[in-house]
Every structure is written in structure tokens, then in C-alpha cells.
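**Q** any chance you can model this:
(chains A and B)
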Amino acid sequence: SAVISQKPSRDICQRGTSLTIQCQVDSQVTMMFWYRQQPGQSLTLIATANQGSEATYESGFVIDKFPISRPNLTFSTLTVSNMSPEDSSIYLCSVVEGRGLFFGEGSRLTVL
Amino acid sequence: DQQVKQNSPSLSVQEGRISILNCDYTNSMFDYFLWYKKYPAEGPTFLISISSIKDKNEDGRFTVFLNKSAKHLSLHIVPSQPGDSAVYFCAASVAYKYIFGTGTRLKVLA
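**A** Purely as a prediction, here's the structure:
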């Protein structure tokens, strides 16, 4: 399966700041998603990152809070804007291969 | 509305015995099912999957069973090893939309 790298792997952020997470895949992939896992919770889909067009957001997630870029078929970024402690989560980049869904190592954000 | 449920938040099993993790779903449109293992501070690792046209898929120590009429799938791990201790998520998919269960924490006791 594709190798998916995320940066940063973890960060501690101050309330009100923004942080951009990068996702790099070692091969071209059509479908790329961003998920969030809040402490003790399941994985929740934030949005589908569409190459060359605006991301498609799930209910409860908006572009102003989670802007996403996907400039090509191997790279995407997710920004968490104006962070609050409730944004403390693991953010996960994932790609589809065949019918399988594969994840990066995740970016653990702690907002103080 | 929780479309995919894992009703057991935790499970303890002795090393060498069988671990059985269960998952229920409500949407009959799901046609592909996956199991993942997750360690703390890591991304989920894909374990095994099954298409809705099958009722069993096996890969080494891992076997997934699908009962479509009951909308139920299970993951069997035989024999269980201490390194299997992790949180296990099931996921159900239709049209490249993946919905995850809440996870079951498996502890394999040496």
C-alpha cells in the first residue's frame, strides 16, 4: 500500500492560533480524506480533499475552520484554524487504494 | 445515528486463546467491511477486509466473518499474542464512504 507521511507528528498549540498539517503520499492517489479522532472517540471524517477543487466537507465541519488544500495527487494540507481546547485530537490523512482505506501516522494536536 | 457499533468497549483474553471482536451495522447498503488495529499515538493499521459477496476471509491469524442477514461482522484472532493488545476498529463502506465503529480495546494477557 501507499506510504503516507504526515507532519508534524505532534504539536502543542496555544488557543486562538492556527496550525497546518501536511500529508505526503509516495504515489499518486485519487481519493484522499482527512479524519479526526478525539480522545476516546471513533474516527470521524472531516472532509474529502479534491485535487484542483474545493474540499467536500462533512456535516459539522466548515471550510473556515478546516481549510484544506490539494494541489496535486500526492500532497494535501489541513489547517486547523483559531484553535480551542476542543480541537485537541489526532488528525489523520488517509487514501483509498482499491476498496481499502489506508492511514498516515497521524498528527496529535494538544491545544492549551 | 450510529451506523456502525462495537458494543464491547474492552476485552481481555489469555495469550494463546481466541480473541473475538464484534461489530454491528445498520445500513444494508454497506458492501465492504474492514478491520483496523490502532496503537496509541499512531494511525490505524489495516488488518483485513471482506466484501459483502463473501461470508469469510482469512489472513494468517486473522479471520473476518460476515453475517449479512444479521448485519454483523466479527474478527477472530487465533492464537492471540501480547502484541495484539491495541484498540480495534471496524469500518463499513459504500461508494468510498467509510464509517467507523467506536473501537474495542483488546488486552492479551501473558
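**Q** contacts only, for the residue nearest the centre of chain A.
**A** In chain A, the residue lying closest to the centroid (Cα atoms, centre = their mean) is residue A:34, at 3.7 Å. Neighbouring residues of residue A:34 by Cβ atoms under 8 Å, 6 or more residues apart in numbering or on different chains: A:23, A:45-47, A:49, A:66, A:68, A:76, A:78, A:91-94. Placement of C-beta: from N, CA and C, glycine included.
**Q** run me through the strand neighbours of the helix or strand harbouring it, direction for each.
**A** Using DSSP states H and E, the element containing residue A:34 is strand A:32-37. Using DSSP bridges, strand A:32-37 pairs in its sheet with strand A:43-49 (antiparallel), strand A:89-97 (antiparallel).
**Q** what does the helix or strand just after the first one contact?
**A** Where DSSP H and E defines the elements, the next helix or strand beyond strand A:43-49 is strand A:56-57. Taking contacts as Cβ under 8 Å, 6+ apart, the residues outside strand A:56-57 that touch it are A:46-48, A:50, A:63, A:66.
**Q** partners of strand A:56-57, with directions?
**A** strand A:43-49 (antiparallel).
**Q** other residues contacting the strand it pairs with?
**A** A:31-38, A:55-58, A:61, A:66, A:68-70, A:76, A:78, A:91-92, B:44, B:89, B:91, B:97-98, B:100.
**Q** how about chain B: which residue is closest to chain A?
**A** Residue nearest to chain A within chain B: residue B:43 (3.8 Å; Cβ to the nearest Cβ).
**Q** nearest residue to that residue in space, please, no chain neighbours.
**A** Excluding its sequence neighbours, the residue lying closest to residue B:43 (Cβ to Cβ, 6 or more residues apart in numbering or on different chains) is residue A:103, at 3.8 Å.
**Q** just checking, the one you found touches residue A:96?
**A** No - contact criterion Cβ atoms under 8 Å: residue A:103 and residue A:96 do not qualify, at 11.1 Å.
**Q** which one's more surrounded, these two?
**A** Comparing residue A:103 with residue A:96 by other Cβ atoms under 10 Å in any protein chain shown, the one with more neighbours is residue A:103, at 22 against 18.
**Q** where does chain A come near chain B, residue by residue?
**A** Within reach of chain B by Cβ under 8 Å from any Cβ of the partner chain, chain A has these residues: A:1, A:4, A:6, A:10, A:31, A:33, A:41-45, A:90, A:92, A:96, A:99-106, A:108.
**Q** recalculate using a threshold of 7 Å.
**A** With the criterion set to Cβ under 7 Å from any Cβ of the partner chain, chain A comes near chain B through A:31, A:42-43, A:92, A:96, A:99-106, A:108.
**Q** check what pLDDT the residue nearest to residue B:43 gets.
**A** Residue A:103 is assigned a predicted lDDT (pLDDT) of 96.
**Q** what does residue A:35 give?
**A** At residue A:35, the pLDDT value in this model is 97.
**Q** for it, list the residues it contacts.
**A** Taking Cβ atoms under 7 Å, 6 or more residues apart in numbering or on different chains, we find residue A:35 in contact with A:43-46, A:92, A:94.
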